[in-house]
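Colleague: I need the structure of the sequence given here:
(one chain, ligands or ions: 1)
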Amino acid sequence: MSPRPLTPEEIDGALAELPGWRLAGDRLERTYSFARHLQAAVLVVHVARLQDELDHHADLLLGYNTLRVSVNTHSVGGKVTGLDVGLARRIEEIAPAHGAEAGAPAHGAE
Ligand SMILES: C[C@H](O)[C@H](O)[C@H]1CNC2=NC(N)=NC(=O)C2=N1
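Modeller: A predicted model of the protein is given here:
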(Lines give C-alpha, C1' and ligand atoms only; values in the text may rest on other atoms or scores of the structure.)
Protein backbone atom coordinates (compact mmCIF):
# COMPACT_ATOMS: atom_id res chain seq x y z
CA MET A 1 0.00 0.00 0.00
CA SER A 2 1.34 3.43 -0.85
CA PRO A 3 1.89 5.80 2.04
CA ARG A 4 -0.27 8.87 2.61
CA PRO A 5 0.68 12.13 4.31
CA LEU A 6 -0.23 12.15 8.00
CA THR A 7 -2.60 14.80 9.33
CA PRO A 8 -1.20 17.42 11.75
CA GLU A 9 -3.04 15.59 14.56
CA GLU A 10 -1.45 12.30 13.61
CA ILE A 11 1.98 13.91 13.49
CA ASP A 12 1.43 15.48 16.94
CA GLY A 13 0.36 12.11 18.30
CA ALA A 14 3.44 10.42 16.90
CA LEU A 15 5.78 13.15 18.20
CA ALA A 16 4.30 12.79 21.68
CA GLU A 17 5.83 9.29 21.71
CA LEU A 18 9.12 10.36 20.12
CA PRO A 19 10.86 12.63 22.65
CA GLY A 20 13.57 14.74 21.04
CA TRP A 21 11.98 14.61 17.61
CA ARG A 22 10.29 17.64 16.11
CA LEU A 23 8.54 18.74 12.98
CA ALA A 24 10.78 21.05 10.95
CA GLY A 25 8.75 22.23 7.98
CA ASP A 26 7.60 19.00 6.36
CA ARG A 27 10.28 16.83 7.95
CA LEU A 28 10.69 14.82 11.12
CA GLU A 29 14.03 15.69 12.70
CA ARG A 30 16.17 14.84 15.65
CA THR A 31 19.74 15.74 16.53
CA TYR A 32 21.70 13.32 18.67
CA SER A 33 24.90 14.21 20.46
CA PHE A 34 27.74 11.94 21.55
CA ALA A 35 30.81 12.00 23.75
CA ARG A 36 32.95 11.02 20.75
CA HIS A 37 32.79 11.61 17.01
CA LEU A 38 33.30 7.94 16.16
CA GLN A 39 30.14 6.96 18.06
CA ALA A 40 28.16 9.27 15.77
CA ALA A 41 29.86 7.84 12.68
CA VAL A 42 29.12 4.27 13.73
CA LEU A 43 25.47 5.14 14.28
CA VAL A 44 25.39 6.46 10.69
CA VAL A 45 26.35 3.01 9.44
CA HIS A 46 23.85 1.26 11.69
CA VAL A 47 21.07 3.62 10.58
CA ALA A 48 22.05 3.11 6.94
CA ARG A 49 21.66 -0.65 7.35
CA LEU A 50 18.28 -0.15 9.00
CA GLN A 51 17.21 2.16 6.19
CA ASP A 52 18.05 -0.40 3.55
CA GLU A 53 16.07 -3.01 5.49
CA LEU A 54 13.06 -0.69 5.65
CA ASP A 55 13.63 0.72 2.15
CA HIS A 56 13.17 4.17 3.63
CA HIS A 57 16.01 6.67 3.87
CA ALA A 58 16.58 9.77 5.95
CA ASP A 59 19.10 12.54 5.34
CA LEU A 60 21.91 12.02 7.85
CA LEU A 61 24.18 14.94 8.71
CA LEU A 62 27.29 13.89 10.59
CA GLY A 63 28.85 16.74 12.56
CA TYR A 64 31.43 17.00 15.30
CA ASN A 65 29.97 14.63 17.89
CA THR A 66 26.49 15.11 16.45
CA LEU A 67 24.19 13.36 14.05
CA ARG A 68 21.11 15.04 12.64
CA VAL A 69 18.44 12.79 11.19
CA SER A 70 15.89 14.43 8.93
CA VAL A 71 13.24 12.51 7.05
CA ASN A 72 10.10 12.76 4.99
CA THR A 73 8.64 10.66 2.22
CA HIS A 74 9.71 11.59 -1.29
CA SER A 75 7.05 9.52 -3.02
CA VAL A 76 4.24 11.68 -1.60
CA GLY A 77 5.95 14.94 -2.49
CA GLY A 78 8.02 15.35 0.66
CA LYS A 79 5.42 15.00 3.41
CA VAL A 80 5.54 13.11 6.68
CA THR A 81 4.04 9.62 6.50
CA GLY A 82 3.88 6.57 8.72
CA LEU A 83 7.09 5.37 7.05
CA ASP A 84 8.94 8.32 8.59
CA VAL A 85 7.45 7.66 12.01
CA GLY A 86 8.36 3.99 11.69
CA LEU A 87 11.95 4.82 10.81
CA ALA A 88 12.21 7.31 13.69
CA ARG A 89 10.97 4.65 16.11
CA ARG A 90 13.51 2.13 14.89
CA ILE A 91 16.35 4.66 15.17
CA GLU A 92 15.23 5.43 18.72
CA GLU A 93 15.58 1.74 19.53
CA ILE A 94 19.19 1.52 18.40
CA ALA A 95 20.56 4.98 19.22
CA PRO A 96 21.04 4.58 23.01
CA ALA A 97 23.42 1.64 22.54
CA HIS A 98 25.65 4.00 20.51
CA GLY A 99 25.82 6.52 23.34
CA ALA A 100 23.38 8.92 21.71
CA GLU A 101 21.90 11.73 23.75
CA ALA A 102 19.27 14.25 22.72
CA GLY A 103 20.19 17.68 21.49
CA ALA A 104 23.19 19.50 20.14
CA PRO A 105 26.28 19.80 22.34
CA ALA A 106 26.84 22.97 24.35
CA HIS A 107 29.55 24.26 22.00
CA GLY A 108 26.86 24.63 19.33
CA ALA A 109 28.24 22.61 16.45
CA GLU A 110 24.79 22.66 14.83
C1 LIG B 1 12.17 2.38 -4.88
C2 LIG B 1 12.24 2.70 -3.41
O3 LIG B 1 11.31 1.94 -2.71
C4 LIG B 1 11.95 4.16 -3.13
O5 LIG B 1 12.76 4.98 -3.92
C6 LIG B 1 12.07 4.50 -1.67
C7 LIG B 1 13.48 4.49 -1.14
N8 LIG B 1 13.65 5.31 0.03
C9 LIG B 1 12.84 6.33 0.30
N10 LIG B 1 13.09 7.18 1.30
C11 LIG B 1 12.31 8.21 1.56
N12 LIG B 1 12.61 9.02 2.59
N13 LIG B 1 11.24 8.47 0.81
C14 LIG B 1 10.88 7.68 -0.22
O15 LIG B 1 9.87 7.96 -0.88
C16 LIG B 1 11.69 6.57 -0.50
N17 LIG B 1 11.41 5.74 -1.48
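Colleague: for the most centrally placed residue in the chain, phi and psi?
Modeller: Centroid-nearest residue in the chain, with CA atoms, centre = their mean: residue 69, separated by 3.8 Å. For residue 69, the backbone dihedrals (degrees, to the nearest 10) come out as phi -110, psi 130.
Colleague: swap in the one 10 residues further on?
Modeller: Note on residue 79: backbone dihedrals following degrees, to the nearest 10 are phi -110, psi 170.
Colleague: disregarding flanking residues, what is the spatial nearest neighbour of it?
Modeller: In space, residue 79 comes closest to residue 5 once its chain neighbours are excluded; the distance is 3.6 Å by CB to CB, 6 or more residues apart in numbering. Glycine gets a C-beta too; all of them are placed from N, C-alpha and C.
Colleague: enumerate every residue touching that neighbour.
Modeller: 73, 76, 77, 79, 80, 81 (CB atoms under 8 Å, 6 or more residues apart in numbering).
Colleague: the third one - nearest residue in space that isn't next to it in sequence?
Modeller: Nearest residue to residue 77, sequence neighbours excluded (CB to CB, 6+ apart): residue 5, at 8.0 Å.
Colleague: sec struct for that neighbour, please.
Modeller: Under DSSP: H, G, I helix; E, B strand; the rest coil, residue 5 falls in the coil class.
Colleague: look at it and report its pLDDT.
Modeller: pLDDT for residue 5: 98.
Colleague: could you do residue 1 as well?
Modeller: Model confidence at residue 1, given as pLDDT, is 71.
Colleague: what's the burial count for it?
Modeller: By other CB atoms under 10 Å, 4 other residues sit near residue 1.
Colleague: cool, and residue 45?
Modeller: Residue 45 has 11 nearby residues by other CB under 10 Å.
Colleague: and it, how far from residue 1?
Modeller: Going from residue 45 to residue 1 by CB to CB, to the nearest Å gives 30 Å.
Colleague: returning to what we had before: what's the closest of the contacts of residue 5 to residue 27?
Modeller: Nearest to residue 27, judged by CB to CB, of these is residue 80 at 7.1 Å.
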